[in-house]
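[1] Would you be able to build a 3D model of this:
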Amino acid sequence: KQWYQRRVQGLREKPTSIMYGLIFENFSGYIKVKYGEDAWDNVRRLANIDTPTFSIHQVYPEQLLGKLAKKTFTTLGCNADEFFEGMGFFFIEFAAQYGYGDVLALLGRELRDFLNGLDNLHEYLKFSYPRIRAPSYFVDNETPQGLMLHYRSKRRGFTTYTIGQLKAVADTY
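    Residues are numbered from 1 along each chain as shown. This is a model prediction of the structure:
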């Protein structure tokens, strides 16, 4: 009876984590660019995904990304860290296709300013993505040799993805 009550009334159910289609389109786009359209079609079919594209403003269960990733790694034989770093690097070019390149270019002239501006960018993106669960970035201890970046996220497993994004930003801006 307790299971029935929770199922019918939604009581005490842990909410499913969601992720916007923008990240899923980034994922599929990276596969298409690096491995080809056929590779993406094969991965999505193995993951039981009927449509070849995702709507960037629609939310999807976060677990779907893990499912896609597992199918990708076994099907394409790629390393998870290398894949997600490459996907993160690709994201900067990918985001520019949706008009975010100009916004990124305005975040700061120096790397420190750019990184410290990312939280403000994510706040701005809440108008388009109201359920966004964005990471947070904070820079301290900057020296002529480098800086210390603090990266915080409620999501697990996005560190190498973020490293790829940072490398692309350093190359691009």
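[2] residue ranges for the strands of the chain, please.
    Taking DSSP state E as the criterion, the chain carries its strands at 18-20, 59-61, 136-143, 146-152.
[3] quick one, which of those strands is nearest to Phe127?
    Of all the strands of the chain, strand 18-20 sits nearest to Phe127, with 13.1 Å by Cβ to Cβ. Using the backbone N, CA and C atoms, a C-beta is placed for each residue, glycine as well.
[4] hmm, who's touching the closest one?
    56-62, 64-65, 129, 131-133 (Cβ atoms under 8 Å, 6 or more residues apart in numbering).
[5] Work out the gap between stretch 46-53 and the centre of the chain.
    18 Å (Cα atoms, centre = their mean, to the nearest Å).
[6] Mean pLDDT added to the strands of the chain, as JSON lines?
    Output for the strands of the chain, formatted as JSON lines (pLDDT from 0 to 100):
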{"stretch": "strand 18-20", "mean pLDDT": "96"}
{"stretch": "strand 59-61", "mean pLDDT": "97"}
{"stretch": "strand 136-143", "mean pLDDT": "93"}
{"stretch": "strand 146-152", "mean pLDDT": "94"}
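[7] Kindly export stretch 33-53 (C-alpha atoms) in CSV.
    What follows is stretch 33-53, C-alpha atoms only, in CSV (Å, rounded to 0.1, in the frame of the first residue of the first chain):
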residue,chain,number,x,y,z
VAL,A,33,31.8,15.3,-36.1
LYS,A,34,34.3,12.9,-34.7
TYR,A,35,32.9,9.5,-35.7
GLY,A,36,30.3,10.2,-38.3
GLU,A,37,26.5,10.2,-38.7
ASP,A,38,26.3,6.4,-38.8
ALA,A,39,28.1,6.2,-35.5
TRP,A,40,25.5,8.5,-33.8
ASP,A,41,22.6,6.5,-35.4
ASN,A,42,24.0,3.3,-34.1
VAL,A,43,24.6,4.6,-30.6
ARG,A,44,21.1,6.2,-30.3
ARG,A,45,19.4,3.0,-31.6
LEU,A,46,21.3,0.9,-29.1
ALA,A,47,20.2,3.3,-26.4
ASN,A,48,16.5,3.0,-27.6
ILE,A,49,16.3,6.6,-28.7
ASP,A,50,13.9,7.0,-31.6
THR,A,51,14.6,10.5,-32.8
PRO,A,52,18.0,11.6,-34.1
THR,A,53,17.9,15.1,-32.5
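[8] mean confidence for that stretch?
    Mean pLDDT, stretch 33-53: 97.
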